[in-house]
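**Q** sharing a model that was predicted from the sequence below.
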Amino acid sequence: MDFDPDGPVVDLTEDVAAVFASDGPLASAIPDFEPREAQRQMAAAVSESLGDGGVLLAEAGTGTGKTLAYLVPAILSRRRVLVSTGTKNLQEQIVQKDLPVLAEAIDRPFTATVMKGRANYLCLHRFQALKTGGLPRQQRLGGFGGRGNEVDERILLPIIDGWARATDTGDRAELKDLPEDLPLWSEIAASAENCLGRECPQFNDCFVTRMRQRAAESDLVIVNHHLLFADAAVRQGAYGEVIPDCDAAVLDEAHQLEDVATQYFGVTVSNYRAEDLARDAERMLARWPDPDRREPALRIVERIRDRAERLFARLEPPRRGAGDERARVTPEALTDAQEPGRALIGSLEGLEAAIQLLKDLPPETTPPPGALDDLLAVGARSGSLRVDLTLLLNASDPDYVFFLETRGRGIFFRAAPIDVSAIVRELLFDRMRTTVLTSATLTVDGAFGYIRDRLGIRGAAEIRLASEFDFERQTVLYLPPRMPDPRSAEFAGAAGRQVIEILRRTRGRAFVLFTSYATLRAVQAMAEMALDYPILVQGTMPRSLLLKRFRETPHSVLLATSSFWQGVDVVGEALSCVIIDKLPFASPGEPVTAARIEAIRARGGEPFDEYQVPLAILALRQGLGRLIRHRSDRGVLTVLDPRLRTKGYGRRFLASLPPAPVVHELDAVSAFLAADLV
């Protein structure tokens with residue numbers, strides 16, 4: 001496509017309406033197509049926004065068909081449109097399901113390219129080095145060692161090699177059976193830290209290069225929010241761009257934007273990052289042909305490893321339990337970490353200088369192809385780590401909250417922006433002529449004020465579209481009549497007893513979603529003793545495999561926490577109940593939440609009403625939204641938290657939920673499940 005951001009604006013109204021007509025092209029292309037008034041209204045609003053410019057906030061309830069409602073105007077607009085989704089799964093759905101239908105239905109050719117983060121793509125340069133022994137044998141798998149990885153190499157390398165020769169994209173998603181957490185992939189992925197850029201001998205054939213070239217020639221560029229903000233961060237630093245210029249963007253699952261922006265405009269240094277740098281530096285130095293010249297650099301690498309170990313031993317906070325934990329830090333709390341931190345900074349600076357010396361003193365024998373470029377990339381990573389660590393050890397920027405996070409064996413030292421609204425407005429909304437933000441959950445108390453404030457949206461058109469589903473007939477909302485305070489020691493036991501009784505009536509077929517691992521474990525122990533249904537638990541296997549098992553195993557029950565509250569679709573009888581234990585308030589002790597509460601209070605606001613309740617309402621709506629995904633679905637929604645009925649703010653939560661009949665007795669649940677949907 002010849003993209004002209006200043007080209008004439010096309011009036012899309014009539015063309016878009018014709019596509020969605022009862023006798024239109026979509027009706028011909030989609031079996032059992034049903035015209036939906038909400039879908040037509042949203043498509044019209046998107047069309048108007050693409051014509052007039054500005055920001056559109058579009059809340060579209062489940063069943064609206066919002067994806068087609070924005071894709072059709074985007075295709076007909078004759079402009080390059082960026083579509084950003086909350087998950088890679090939705091990216092795949094758009095490309096594999098929606099766009100083929102539209103290509104058949106719409107009499108206008110268009111092109112589309114999916115862009116994902118670099119780590120999803122194979123690096124041809126690193127893969128070739130691995131295959132040919134360009135990396136030392138004992139270190140090929142990144143220091144993980146052990147017999148298991150030798151088996152991985154022997155079995156998986158030929159599979160990956162055959163795929164690499166045939167694939168057009170290099171996207172690891174094509175390798176359906178590749179384990180999600182395979183250590184080998186991190187060794188051969190096209191991550192930014194390892195990229196040589198134009199100096200790479202494989203640059204022209206690089207899958208990332210080719211992806212960007214295709215995107216620059218496409219009508220639709222389909223990314224996810226993580227890549228969207230990675231691109232914004234790159235542009236902020238004046239290092240070019242990842243995504244080609246577009247003057248219109250549609251941001252689906254827009255309720256996630258603040259969280260993702262917070263991640264991408266923060267800074268993180270971890271023991272893993274330090275070890276990865278040391279490991280790669282050793283590996284690249286081992287390829288250098290002059291032992292005498294590389295030995296000083298190798299000694300520095302060993303000091304980096306030792307000093308990083310000392311630093312993270314000082315940083316590691318006391319662990320209160322087995323789960324992930326976060327603890328806020330101040331400059332005073334970092335006193336003991338300053339000496340090993342400064343020592344590590346000095347060693348990182350020394351590695352940069354040692355690598356520069358190798359560059360300036362040509363080797364007596366010719367190094368392998370790409371060896372110098374690989375070393376220079378390591379030097380750049382050392383410099384980046386040094387800069388980030390310096391910022392974190394100061395811990396004094398008032399616009400950031402500084403905290404430590406422990407996750408498994410990982411210790412992560414982080415800084416996160418307290419308020420991302422100005423960043424998002426400057427780097428996203430102000431850069432686009434048109435921005436459409438859509439989700440099933442954008443409003444609180446019937447208004448868009450919360451999302452406007454959090455994302456810095458000054459002016460916007462708005463449209464709210466109710467769900468196409470008949471919640472009064474398809475669901476009931478069960479609120480137990482007597483439950484202890486969720487903060488009491490008695491709550492977990494009472495929750496477990498309620499879950500067991502509900503699951504007996506639904507015959508399993510349920511998601512039980514928790515706000516904490518502690519309650520999950522307590523309920524799990526009780527349910528496994530009392531029920532014969534298959535019980536699947538988050539953390540026992542990868543998320544995608546858990547969902548596959550749930551869909552395929554009759555009467556199964558999935559116990560999970562936050563990552564399953566959104567972006568999960570199970571259609572049909574396999575999921576007939578969603579139970580939520582507590583109102584999903586973010587912990588006021590969580591560092592980012594605490595800092596935002598303090599910031600709102602400092603400006604004279606009321607953080608509970610302005611921030612904590614709205615955030616929890618959106619999360620609750622997302623969690624309960626897992627149940628009804630199709631007109632034929634039916635089932636039971638349950639919230640065990642008594643505060644829905646006993647607290648004044650509970651009315652705000654109830655008013656935001658689907659209009660399902662509320663029942664308080666288990667017999668009413670049984671009666672609903674026994675009735676035929678007519």
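**A** Okay, I see it.
**Q** which SSE is the closest residue to R497 other than its chain neighbours in?
**A** Nearest in space to R497, with sequence neighbours left out and distances taken as Cβ to Cβ, 6 or more residues apart in numbering, is M526 at 7.3 Å. Any C-beta I mention is one placed from the backbone N, CA and C, and that applies to glycine too. If you go by DSSP states H and E, M526 is part of helix 517-530.
**Q** do the same with A278
**A** Element membership for A278 (DSSP H and E) is helix 271-285.
**Q** please name every helix or strand in contact with that helix.
**A** Counting contacts by 3 or more Cβ pairs under 8 Å, 6 or more residues apart in numbering; DSSP states H and E, helix 271-285 packs against helix 291-315, helix 371-394, strand 410-417.
**Q** quick check: which of these is nearest to D219?
**A** For D219, the closest of these is strand 410-417, at 33.5 Å, according to Cβ to Cβ.
**Q** what packs against that closest one?
**A** helix 257-264, strand 267-270, helix 271-285, helix 291-315, helix 371-394, strand 400-407.
**Q** pLDDT (mean, whole number) over the helix or strand following the helix holding M526?
**A** Read in the C-terminal direction, the helix or strand following helix 517-530 is strand 535-537, with elements assigned using DSSP H and E. Confidence over strand 535-537, taken as the mean pLDDT, stands at 96.
**Q** neighbours of the nearest residue to I500 once chain neighbours are set aside, how many?
**A** Across the structure, with Cβ to Cβ, 6+ apart as the measure, the residue nearest I500 apart from its sequence neighbours is A530 (4.8 Å). Other residues near A530 number 15, with proximity taken as other Cβ atoms under 10 Å.
**Q** would you map out the domains in this protein?
**A** By the record's domain assignment, the chain is partitioned as 13-83+98-111+217-259+420-465, 118-208, 266-417, 471-674 (automatic domain parsing).
**Q** for N89, which of the ones you listed is the nearest?
**A** For N89, the closest of the domains of the chain is domain 471-674, at 6.5 Å, according to Cβ to Cβ.
**Q** end to end, how far does that closest one reach?
**A** Across its full length, domain 471-674 reaches 17 Å end to end, with Cα to Cα, to the nearest Å as the criterion.
**Q** how about stretch 12-23?
**A** End-to-end for stretch 12-23, by Cα to Cα: 18 Å.
**Q** ok, and what's touching that stretch?
**A** Counting by Cβ atoms under 8 Å, 6 or more residues apart in numbering, the neighbours of stretch 12-23 from elsewhere in the structure are 24-27, 35, 39-40, 43-44, 47-48, 50-51, 72-73, 76-77, 105-106.
**Q** pull out the buried members of those.
**A** For those, a burial check counting by 16 or more other Cβ atoms under 10 Å picks out 24-27, 39-40, 43-44, 47-48, 50, 72-73, 76-77, 105-106.
**Q** run through the stretch 101-250 of the chain and note the low-pLDDT ranges.
**A** Flagging of the stretch 101-250 of the chain using pLDDT under 70 yields the residue ranges 133-154, 180-181, 236-240.
**Q** can you give me the helices in it?
**A** Applying DSSP state H, counting those that start in this stretch to the stretch 101-250 of the chain gives helices spanning 124-132, 147-166, 183-188, 207-216, 225-236.
**Q** would you list the ones you listed in a markdown table and tack on mean neighbour count and distance to P331?
**A** Rendered in a markdown table, the data for the helices of the stretch 101-250 of the chain read as follows (neighbours: other Cβ atoms under 10 Å; distance: least, Cβ to Cβ, whole Å):
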| stretch | mean neighbour count | distance to P331 |
| --- | --- | --- |
| helix 124-132 | 19 | 39 |
| helix 147-166 | 13 | 41 |
| helix 183-188 | 19 | 34 |
| helix 207-216 | 19 | 39 |
| helix 225-236 | 20 | 25 |
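**Q** understood, closing this out.
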